[in-house]
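**Student:** I need the structure of the sequence given here:
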Amino acid sequence: MKRTKINDLLKSTDFGSTVCVKGWVRTRRSGKAVSFIALNDGSTIKNVQIVADAAVFDSELLKQITTGSCLSVIGKMVESPGSGQSVEVQAEQIEILGTCAEDYPMQKKGQSFEYMRTHAHMRLRTNTFGAVFRIRHNLAYAIHKYFHEHGFFYFHTPIITASDCEGAGQMFQVTTQNLYTLKKDEEGKIDYSDDFFGKPTSLTVSGQLEGELGATALGAIYTFGPTFRAENSNTPRHLAEFWMIEPEIAFYDIHDNMDLAEDFIKYCVKWALEHCADDLEFLNKMIDKSLLERLHFVVEHDFVRLTYTEGIQILEEAVANGHKFEFPVHWGTDLASEHERYLVEEHFKRPVILTDYPKEIKAFYMKMNEDGKTVRAMDVLFPQIGEIIGGSEREESYDKLKARIDELQIPMKDMWWYLDTRRFGTCPHSGFGLGFERLVLFVTGMQNIRDVIPFPRTPKTADF
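**Tutor:** Numbers count the residues shown, from 1 in each chain. This is a model prediction of the structure:
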């Protein structure tokens, strides 16, 4: 018999029909006459109640139905007399597809997120993580849908690269050489001539530079793929492997870029509110009771736009009036999350787009302002998260870009191709990057970025 997904079953009013449902047992309550089994198949946060008459089923079979076991149930779909559910299934046949051992790690309630990270392969079956990853799917779908409908082309940039987009050097090396017997030259430096690519290569930290090539050919592109940072950061906001969305658009200036970022992120949040209502209500109840209010807050308000200099003045005034920050704040410093959140949550009480940062704290490719001190960068700041989007108008002048590269002493021997975009038909262009996990973190109300990606990669952690 064809299986019916629980999500579809709970929407049905075809009472009296015979159905087949399959899934994993959340709980089983047994009385002398009847057992009540809560079954979930991952299609929805909600369970379907299976009613098993003790007179119909062997007691030894029912004993094997424990939390975590997998069942196939055929029975009659009826209206449920119980509160909180409209449908239940009166079981006629039960097949145990997989029993579950007593040491199943997810059978107890009230487990900490730290504990569940050590069992990331099993935490996916819990209500919380089921909700998180259904929302993650919906946000990924919304991203593709938004850009497709706005005339962008999905552009695939390389994961293995010889360039360091940010110039930070915190990259994971890729090699086929035997690390125990590395070939070296006369000066004692590693000789890469026999390596797979014949040169040092790494996992990408960003697809932006290659994305700029796509934008100057197709007009408007976006990337959406994994990126890697070898930062030794053990914080609730950092991962070594994460996903990035990076649109790049020809003929866009910084103002067009800000308009796109605000419209795009509002679209994603709206999509989640409209299509993930059950999961969001669960997370609002169990994880963060202000979640839904915060999501509506972002969608319903225009973002404040101000310069970095104006932001610093506001923060310095706050300090002068007695507000205490952990990190010092003055013109020229890179803002910490606490500074960003103060502007959003306490001063403006709205999302903020901060622009025109000092050139010293931003990347080499950002277009310089006429003051010679600041660049046309923009960061979108959100409540609870701080920076969620970072972008800029790019420097389109070959001479200015080359001068900036030389000034920063960035090794550009392998970057001739990037400079060619400024030699052959250069154009104004802009773009930004959104860390996908930060978006999922915001939309779900979770507190640690390791809990919004199925298998987190962090320092000393590469399990599963």
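
**Student:** kindly list the main-chain dihedrals of residue 231?
**Tutor:** Note on residue 231: backbone dihedrals following degrees, to the nearest 10 are phi -90, psi 140.

**Student:** what's around it, how many residues?
**Tutor:** Other residues within reach of residue 231, judged by other CB atoms under 10 Å, total 15. C-beta here means a position set from N, CA and C on the backbone, and glycine is covered the same way.

**Student:** I figured residue 82 hits residue 88, correct?
**Tutor:** Yes - with contact defined as CB atoms under 8 Å, residue 82 reaches residue 88; the gap is 7.1 Å.

**Student:** quick one: which of the two has more around it?
**Tutor:** residue 88 (21 against 11).

**Student:** note down every partner strand of the helix or strand encompassing residue 392 and its orientation.
**Tutor:** Per DSSP states H and E: residue 392 is located in strand 386-393. Next to strand 386-393 in the sheet, as set by DSSP bridges, lie strand 374-382 (antiparallel), strand 429-435 (antiparallel).

**Student:** need the residues touching each of residue 82 and residue 88.
**Tutor:** Taking CB atoms under 8 Å, 6 or more residues apart in numbering as the criterion, residue 82 and residue 88 both touch residue 49.

**Student:** circling back: now tabulate the strands paired with strand 386-393 in TSV and tack on mean pLDDT, distance to residue 447 and mean neighbour count.
**Tutor:** Below are the strands paired with strand 386-393 laid out as TSV (pLDDT from 0 to 100; distance: least, CB to CB, whole Å; neighbours: other CB atoms under 10 Å):
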stretch	mean pLDDT	distance to residue 447	mean neighbour count
strand 374-382	97	14	24
strand 429-435	97	16	24
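
**Student:** who wins for proximity to residue 359 among these?
**Tutor:** Among the strands paired with strand 386-393, the nearest to residue 359 by CB to CB is strand 374-382 (4.8 Å).

**Student:** quick one: that closest one to chain centroid distance?
**Tutor:** 20 Å (CA atoms, centre = their mean, to the nearest Å).

**Student:** number the chain from 11, please
**Tutor:** Yes, from this point I'll number from 11; that puts the last item at strand 384-392.

**Student:** which residues does it contact?
**Tutor:** Taking CB under 8 Å, 6+ apart as the rule, strand 384-392 contacts 263-264, 267-268, 271-272, 275, 308, 313, 317-319, 350-351, 353-354, 361-369, 372, 376-379, 397-403, 442, 452.

**Student:** tell me which of those residues fall in strands.
**Tutor:** Residues from these lying in strands, with DSSP state E as the criterion: 317, 362-368, 397-403, 442.

**Student:** quick one, the next helix or strand after the strand holding residue 402 and strand 384-392 angle?
**Tutor:** With elements assigned by DSSP H and E, the helix or strand that comes after strand 396-403 is helix 408-418. Interaxial angle, helix 408-418 versus strand 384-392 (axes from the mean of the first three to the mean of the last three CA atoms, to 10 degrees): 80 degrees.

**Student:** show the average pLDDT along helix 408-418.
**Tutor:** For helix 408-418, the mean pLDDT works out to 90.

**Student:** outside of it, which residues touch it?
**Tutor:** Residues from elsewhere that reach helix 408-418 (CB under 8 Å, 6+ apart): 177, 374-375, 378, 405, 422, 425, 429, 432-433, 436.

**Student:** can you tell me how far the closest residue to residue 263 other than its chain neighbours sits from residue 293?
**Tutor:** By the measure of CB to CB, 6 or more residues apart in numbering, the closest residue to residue 263 outside its immediate chain neighbours is residue 403, 5.5 Å from it. To residue 293, residue 403 is 37 Å away according to CB to CB, to the nearest Å.
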